[in-house]
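Student: Take a look and give me a structure for this.
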Amino acid sequence: MSNKLVSIVIVFGGSQDYIQPLLDSIKLQNYSPVEIAVIDNSAGLDFSQKIAESSPGVKIQTNPKNLFYCQALNIGIKMSKGDIILCLNDDVVLGKNFIETAVAGFHKDDKIGMVSGKILRIDKKRMDSTGLFLSLWRTARERGYGRQDKGQFEKEGYVFGVNGAVAFYRRIMLEEISVEGNYFDPDFHIFYEDLDIAWRAQNKGWRGYYIPGAVAYHARGGTVRKNPGTGKPLGRRYLNEELHADLIKNRYLAIIRNESLLGFFLHLPFIFLHDILMWAYVFIFKRKVVKIFLSQLDYLRYTLRKRAAVGK
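Tutor: Next up is the predicted model:
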């Protein structure tokens, strides 16, 4: 049986230091057929010509302004033709045979719509994610996050979702859970988009699967944090005010859009405790974030409309 076409969608944020090693690692993969689309969010950098010279055959969509991660992914997915979509941050490098090993996960069950490999940090010692889970606090929990890789997660199995930096999706799942023509909600910009899409998928009966033999490497925060913060814990300390406000807003959007009424009341004590600590930090150290967050309250109304659109 022939392999299914894998469409690789990369969102380029502007750092030449990251994108070329990623493209080189894709060239070394032994899986075929693949197609590659790079969505250029660099807004003015002379990028397209350099990539065309170094990686002929790559489709490049140049945006006149930064459309943020979610909308850029939507553009790339709509450009693609594959039955399987691999969404990548530009601060990722794929390990040997990554695609071939991970794609095998889709054959385990027809309802597997998301597949994750083992994602390590660039130092190849610490784990970045071995699957995405929904925490009691209704935050995104990356299993193994920041811990030394000692072989703790070498057993494949079901997970709630997949880390957005290196995320395999089945196209038919994306089509089924899309809302208003979008796979990823553009209101999210960046952050929590992977939890939102996993939550929507789970609510529709789709499942995620983890394949530890598929290894990739991620410079955590490389495209969004200030340089000293790359790979550091408590990454929100290194975000600018706009991104920090998105981080807070998007968690609320994910809860409003996907949580059941019963689930909300069961988890309300944990949500409340998390929010007390989170807002205390913001008021003490990042007061500008409060003003930006309040200016985004219309997003909550839009999300209620989208929740109604999917019958929640």
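
Student: in stretch 162-175, what's buried?
Tutor: 162-171, 173-174 (16 or more other Cβ atoms under 10 Å). C-beta here means a position set from N, CA and C on the backbone, and glycine is covered the same way.

Student: now the worst-scoring helix or strand of the chain on mean pLDDT, how far from the centre of its chain.
Tutor: Using mean pLDDT, DSSP states H and E, the weakest-scoring helix or strand in the chain turns out to be helix 48-54, at a mean of 77. When C-alpha coordinates are averaged (Cα atoms, centre = their mean, to the nearest Å), helix 48-54 and its chain have centres 25 Å apart.

Student: Grab the most central residue of this protein for me.
Tutor: Geometric centre of the chain, nearest residue: G164, 1.7 Å, by Cα atoms, centre = their mean.

Student: any idea how far that residue is from I292?
Tutor: When distance is defined by Cβ to Cβ, to the nearest Å, G164 is 22 Å away from I292.

Student: Now for A52, how many residues are close by?
Tutor: 12 (other Cβ atoms under 10 Å).

Student: May I have the residues that are in contact with the nearest residue to N89 once chain neighbours are set aside?
Tutor: In space, and not counting its chain neighbours, N89 is closest to A165: 4.2 Å by Cβ to Cβ, 6 or more residues apart in numbering. Residues near A165 by Cβ atoms under 8 Å, 6 or more residues apart in numbering: 88-89, 91-92, 119, 128-129, 218.

Student: hang on, I60 in a strand?
Tutor: Yes - I60: assigned to a strand according to DSSP: H, G, I helix; E, B strand; the rest coil.

Student: tell me the contacts of it?
Tutor: By Cβ under 8 Å, 6+ apart, the contact list for I60 reads 37-38, 40, 47-48, 51-52.

Student: same thing but at 10 Å, please
Tutor: Residues in contact with I60 (Cβ atoms under 10 Å, 6 or more residues apart in numbering) are 10, 12, 36-40, 47-49, 51-52.

Student: circling back: would you convert the contacts of A165 into a markdown table that also reports secondary structure?
Tutor: Listed next are the contacts of A165 as a markdown table, based on three-state DSSP:
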| residue | secondary structure |
| --- | --- |
| L88 | strand |
| N89 | strand |
| D91 | coil |
| V92 | strand |
| I119 | strand |
| D128 | strand |
| S129 | strand |
| H218 | strand |
